[in-house]
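>>> Let me see the structure of the following:
(one chain, ligands or ions: 1)
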Amino acid sequence: MTKPITLLVIMMSCCFSAAAQVHQHGQGQLFASQEKQDWHVQFILPAADVIGFEHAPESAEQKKALQALAKRLTTNDSVVRLSGKCTLIEATHSLFAEHKDSQEHAAEHEHEHHEKDQHEEKHHETNGHEKHVGQATHTDVEVEYHFSCASSSEKLSVTLFEWLPTLNRIQAQWITDAGQGTATLTSTNPDVEW
Ligand SMILES: [Zn+2]
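Predicted coordinates:
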């Protein structure tokens, strides 16, 4: 089980965006950064935990669910809260963009997920992208919030756990004027203080 940990370290030390390479259901990532009054908080979450499926919406019901979720993500309240006098400047999400190239991502994901299963990996390589539709597809949902804080923020609280029951933990990494650090957030420990 050393592989997932290694991957996570690489992803977390690499970059603040485009980290969507592999995911385990129930586990998300959070990156927070401060540049004076500007704060950016980004989440990368398995679509399975946020939407309930990882493919493009097929039924009217799934499309409706996606629309409702998109609306929910336009404000930060049900995702993350920052202490201090902070104003939400912008909220962005990958909800609709992500599905277009989910098959491309899936090819990468499959290799990671099935690394121990050589037969499975070979099978996927020879069959191309078409075969990744359905259960083999993995998709991340990326959500990013930009805050402007008139006073220094000293605490971040993740509120996602309250309505995403399958989300077990979030690996958080932050760089603020006060320093940097990492933490594992859960429903019983959803806060970061700096
Ligand atoms: Zn997945």
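
>>> is it true that T186 touches N168?
Yes. Counting by Cβ atoms under 8 Å, T186 does reach N168; the two are 6.8 Å apart. C-beta here means a position set from N, CA and C on the backbone, and glycine is covered the same way.

>>> Neighbour count: those two, which is higher?
A count of neighbours by other Cβ atoms under 10 Å puts N168 above the other of T186 and N168, at 16 against 13.

>>> any idea which helix or strand comes after the helix or strand containing K63?
Taking DSSP states H and E as the criterion, K63 maps to helix 60-73. Next along the chain after helix 60-73, taking DSSP H and E as the criterion, comes strand 80-82.

>>> Average pLDDT for that following strand, rounded please.
Strand 80-82 carries an average pLDDT of 97.

>>> And that strand, what does it pack against?
The helices and strands touching strand 80-82, judged by 3 or more Cβ pairs under 8 Å, 6 or more residues apart in numbering; DSSP states H and E, are strand 38-46, strand 140-149, strand 155-158.

>>> want to try CSV for the ones you listed, with mean pLDDT and distance to A56 as columns?
Listed next are these as CSV, based on pLDDT from 0 to 100; distance: least, Cβ to Cβ, whole Å:
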stretch, mean pLDDT, distance to A56
strand 38-46, 97, 16
strand 140-149, 97, 13
strand 155-158, 97, 27
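
>>> could you dump these to TSV with distance to the ion?
Output for the helices and strands packed on strand 80-82, formatted as TSV (distance: least, Cβ to the ion, whole Å):
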stretch	distance to the ion
strand 38-46	5
strand 140-149	8
strand 155-158	20
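
>>> Now those strands in CSV, please, with extra columns for mean neighbour count.
Output for the helices and strands packed on strand 80-82, formatted as CSV (neighbours: other Cβ atoms under 10 Å):
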stretch, mean neighbour count
strand 38-46, 22
strand 140-149, 20
strand 155-158, 18
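
>>> among those strands, which is nearest G28?
Within these, the stretch nearest G28 is strand 38-46; the backing value is 4.0 Å (Cβ to Cβ).

>>> okay, the angle between that closest one and helix 60-73?
160 degrees (axes from the mean of the first three to the mean of the last three Cα atoms, to 10 degrees).

>>> Sheet partners, orientation included, of strand 38-46?
Next to strand 38-46 in the sheet, as set by DSSP bridges, lie strand 27-35 (antiparallel), strand 140-149 (antiparallel).

>>> okay if I get these as CSV plus distance to F161?
Putting the strands paired with strand 38-46 into CSV (distance: least, Cβ to Cβ, whole Å) gives the following:
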stretch, distance to F161
strand 27-35, 10
strand 140-149, 14
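
>>> Any buried residues in stretch 26-39, and which?
Within stretch 26-39, the residues scored as buried using 16 or more other Cβ atoms under 10 Å are G26, Q27, G28, Q29, L30, F31, A32, Q34, Q37, W39.

>>> wait, what's in contact with E90?
Neighbouring residues of E90 by Cβ atoms under 8 Å, 6 or more residues apart in numbering: Y145, H146.

>>> roughly how far apart are it and K64?
With distances taken as Cβ to Cβ, to the nearest Å, E90 is found 25 Å from K64.
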